[in-house]
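**Student:** from the sequence below, what's the structure:
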Amino acid sequence: MRAGDRLPPLRIPVTRTLIVAGALASRDFQDVHHDPELARRKGAPDIFMNILTTNGLVGRYVTDHFGPAAVLRKVAIRLGAPNHPGDTMLLTGTVEEVAGDTAVVRVVGANGLGTHVTGTVTVTLPEAGA
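**Tutor:** Down below sits the predicted model:
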């Protein structure tokens, strides 16, 4: 792993089930994440993904690339355009820096509306044979 390495892109279909399941799993019962009519009354065109689901998907993206022994040390993200049902989020990543067994990966997730998420993930990899 070297600074400048790119992670392969990951396409995630944004389904109604993914949005609702992510909200329930993270105990986020805000109506905008499960009730389309109430989301519309609050100005959104439909339900939208919560930040905790996005955070989990960003973490998954990095650990899918580096493997199950990778340890996430820090995930720092900022949301932009919402993820609505029927769209696809495309995650891309670039290793920004490497220090020993730890790397910082810049992650961007985009959908049909624009950039959904930007951030960095600090990940530690086990030593070979450990």
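
**Student:** distance between the ends of stretch 7-27?
**Tutor:** End-to-end distance of stretch 7-27: 31 Å, with Cα to Cα, to the nearest Å as the criterion.

**Student:** I meant to write stretch 77-92 there.
**Tutor:** 14 Å.

**Student:** got the buried residues for that stretch?
**Tutor:** Ile77, Leu79, Ala81, Pro82, Asn83, His84, Pro85, Asp87, Met89, Leu91 (16 or more other Cβ atoms under 10 Å). C-beta here means a position set from N, CA and C on the backbone, and glycine is covered the same way.

**Student:** which helix of the chain spans the most residues?
**Tutor:** Secondary structure assigned by DSSP state H gives helix 51-66 as the longest helix of the chain.

**Student:** quick one: residues in contact with that helix.
**Tutor:** 1, 7-8, 10, 12, 18-19, 22-23, 25-26, 28, 70, 72, 75, 77, 79, 83, 89, 91, 93, 105, 107, 109, 116-117, 119, 121, 123, 125 (Cβ atoms under 8 Å, 6 or more residues apart in numbering).

**Student:** what do you get for stretch 90-103?
**Tutor:** Identification of contacts with stretch 90-103 by Cβ under 8 Å, 6+ apart yields 1-7, 9-12, 57-58, 61-62, 65, 73, 104-111, 120-127.

**Student:** in helices only, show me those.
**Tutor:** Short answer: the contacts of stretch 90-103 in helices (DSSP H) are Leu57, Val58, Tyr61, Val62, His65.

**Student:** looking at the residues you listed, which is nearest His34?
**Tutor:** Leu57 (17.8 Å; Cβ to Cβ).

**Student:** centre-most residue in the chain?
**Tutor:** Val58 (2.8 Å; Cα atoms, centre = their mean).
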